[in-house]
Every structure is written in C-alpha cells, then in structure tokens.
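Visitor: here is the input, now give the coordinates:
(one chain, ligands or ions: 2)
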Amino acid sequence: MTRLMVRGVEIRKGVLDGAAQARLIEALRPVLKAAPLFSPVTASGKAMSVRMTSAGELGWVSDKRGYRYQPMHPRGSAWPAIPDPILAIWHEVTGHDRAPDCCLINYYGEGAKMGLHQDRDEADFSWPVVSVSLGDDALFRIGDTMRGGKTESVWLSSGDVVVMGGPARLVYHGIDRIRFGSSRLLPKGGRINLTLRVAV
Ligand code: SIN
Ligand code: FE2
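Guide: Ligands and ions are numbered 1, 2, ... in the order given. Below is the predicted model of the structure:
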C-alpha cells in the first residue's frame, strides 16, 4: 500500500486486493437489491449522472426539495444495514469505535461524473469522510476549502481508499470522469464509490 497526500487529503492506494474487492461487491449485492440505485435530481431539477443509494441508519438523497440525510429510501423502505466488511474498512482506517451512520453508494456508468462540491450536510466535521473506490479508474479532483481555489487531480483505482479529515475535511472535490471499462470488477463496467460518514 502506498499513501499519497494531496492537498491534505490522504489517498491510500491499493488498500484492498482483488479478493477483498470481490468480497465487497458480493456484500453489496443484497444491499442493491433491497435499496435499488436511483437517479437523483438536484434542487434545480437537473438529473445527476451518477446513480445512488445508501446503506445505514441514514441515507443521503437529493430531489426537488433539496439534499439531506433521511432514514428511508425514496421508495419508502428503511435502508439496509452497512455490510460488515465495509464497516471494517472504516474502523481500520479511522481508528474510531463509532460506526458511520451512512454508506452512500454511488454508481458511475459510462460518461458519469460528479461536480466539485463539499461534503457539508453532516453535523460534526471533526469526523472524517472515508471513501472506497471499486471498479473503473476515476479522475478525482481536489481543491481548496474555499470555492474557486487551485485544484489538483489524481487517478483513483479499484481498491483505493480516500480519507478527508482534519483541515482537509471540507475541501472541494469531485470526479471529472471515469475510464469506462478499465476494470473488470463489475461485469457491466463502471465504478462504485462508497462514502462512509458520521452524519448526526
Ligand atoms: C463524492 O464525493 O460523493 C464521490 C467521490 C467519489 O466518487 O470518489
Ligand atoms: Fe463528496
């Protein structure tokens, strides 16, 4: 495993080997069955190119009413529990006993991306944000804690783990593009990003 620091964000390359990645995909299968991916729209009504769902006590949703954490999938059911192998990554990486409230599951198909944003819907920014990349490579852009600052980009690969914490907890970040088909982890291609957060 190698560790990079980019603008205060810790990027741990190769945390999960191929077998561990495959186990996570297996663990996600029943989660995606119970809480299917949906296409969120922003408050302005624009469709996001990423499809998403969540596991945990709370899930993150965006619709015409805005974005927020809520205890239900848009179709009304409680979110499934966060699978143990995903919780294990959080505990290992953060060293905290407290479990995250939310595991946001983002799916990037061909052409999907995510604009620069801050993760700031959580109550307490002293908790880090941990994110896990699975599947296709993605170009991750990291900026400043203020909009409009200089940015740096780094390719994330399957099995990499990103930690945004401390002074880098509120940096702007986004995914410019993925290299569709660069990984064979997901049978239909694409990328899954798991974002673990303490929300309340
Ligand atoms: C996000 O910031 O919500 C997603 C980041 C990623 O896909 O790596
Ligand atoms: Fe984010």
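
Visitor: pLDDT at the closest residue to Val198 other than its chain neighbours, what is it?
Guide: With sequence-adjacent residues excluded and distances taken as CB to CB, 6 or more residues apart in numbering, Val198 is closest to Trp127, at 3.9 Å. Every C-beta, even on glycine, is put in place using the N, C-alpha and C of the backbone. Note for Trp127: predicted pLDDT of 98.

Visitor: just checking: what are the partner strands of the helix or strand harbouring Leu196?
Guide: In this assignment (DSSP states H and E), Leu196 forms part of strand 191-197. If you go by DSSP bridges, strand 191-197 pairs up with strand 102-108 (antiparallel), strand 129-135 (antiparallel).

Visitor: what residues are up against Ile192?
Guide: Ile25, Leu28, Ile105, Asn106, Tyr107, Tyr108, Ser133, Leu134, Gly135, Leu186 (CB atoms under 8 Å, 6 or more residues apart in numbering).

Visitor: from Trp127, how far off is the residue nearest to Val129 when sequence neighbours are not counted?
Guide: Spatial nearest neighbour of Val129, excluding adjacent residues (CB to CB, 6+ apart): Met164 at 4.5 Å. Distance of Met164 to Trp127, given as CB to CB, to the nearest Å: 10 Å.

Visitor: then Gly45?
Guide: From Gly45 to Trp127 the distance is 31 Å (CB to CB).

Visitor: and the residue of the chain at minimum distance from ligand 1, how many neighbours?
Guide: Closest approach between the chain and ligand 1, counting by CB to the nearest ligand atom: Asn193, at 3.3 Å. Neighbour count of Asn193, defined by other CB atoms under 10 Å: 23.

Visitor: which residues touch the closest residue to it other than its chain neighbours?
Guide: Leaving aside its chain neighbours, Asn193 sits nearest to Asn106 (4.4 Å; criterion: CB to CB, 6+ apart). Applying CB under 8 Å, 6+ apart, we find Asn106 in contact with Val50, Arg51, Met52, Met114, Ile192, Asn193, Leu194, Thr195.

Visitor: likewise Arg177?
Guide: Per CB under 8 Å, 6+ apart, neighbours of Arg177: Gly111, Lys113, Ala138, Leu139.

Visitor: so what's the third one up against?
Guide: If a contact means CB under 8 Å, 6+ apart, then Ala138 has Tyr108, Trp155, Leu156, Ile175, Arg177, Ile178, Arg179, Arg191, Asn193 as its contacts.

Visitor: between these, which sits nearest His96?
Guide: Asn193 (20.7 Å; CB to CB).
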